[in-house]
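Peer 1: The sequence isn't on hand, but the structure is:
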């Protein structure tokens, strides 16, 4: 007799906001610029987010910062993992790349800024405005987490 069953939703924290960032720069450079302009202290996490999709092990870089006074946590997450694949040796251009996305439904987004904690819409909009003022960033915007199909990738 089943008394209580658990689903994935029981373990997922919906108390976060997600900002998509479009920028061609490397992850460490973006973390530095966000630290500079938003007065954060994002640091590379001790672990990466590892996902296996289509028999490919993909590792997505993760930077994090926890504000001690407010207990809000900021995560900068790469959305793509590139892996070189050797082809046949008959061609000059035999090497190719496979790209794996953390959230495949958002392939055009380069990075995600996951904000966990008590963030109101005014603070999120102000953050997006400050991010968009950084010259190396093309654009950033808020993403509705309820419409994501693969949001379990953001549970870590």
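Peer 2: Thanks, I have the structure now. Quick caveat: nothing in here was measured; it's all calculated off a predicted structure. Numbers count the residues shown, from 1 in each chain.
Peer 1: which residue is nearest the centroid of this structure?
Peer 2: The centre of the chain sits closest to residue 77, judged by CA atoms, centre = their mean, with a distance of 2.8 Å.
Peer 1: Is that residue bridged to anything, and to what?
Peer 2: residue 62, residue 112 (DSSP bridges).
Peer 1: What residues does it make contact with?
Peer 2: Counting by CB atoms under 8 Å, 6 or more residues apart in numbering, residue 77 makes contact with 49, 60, 61, 62, 63, 102, 111, 112, 113, 114, 154. Every residue, glycine included, has its C-beta placed from N, CA and C.
Peer 1: Confidence-wise, which of those residues comes last?
Peer 2: Ranked by pLDDT, the contacts of residue 77 bottom out at residue 154, which has 82.
Peer 1: Let me know the closest of the contacts of residue 77 to residue 143.
Peer 2: Among those, residue 112 lies closest to residue 143 (CB to CB), at 7.6 Å.
Peer 1: re earlier: closest one of the contacts of residue 77 to residue 43?
Peer 2: residue 63 (6.3 Å).
Peer 1: Please enumerate the helices of the chain.
Peer 2: Secondary structure of the chain (DSSP state H): helices located at 8-11, 27-38, 121-132.
Peer 1: who wins for proximity to residue 71 among the ones you listed?
Peer 2: Of all these, helix 121-132 comes closest under CB to CB, at 14.3 Å.
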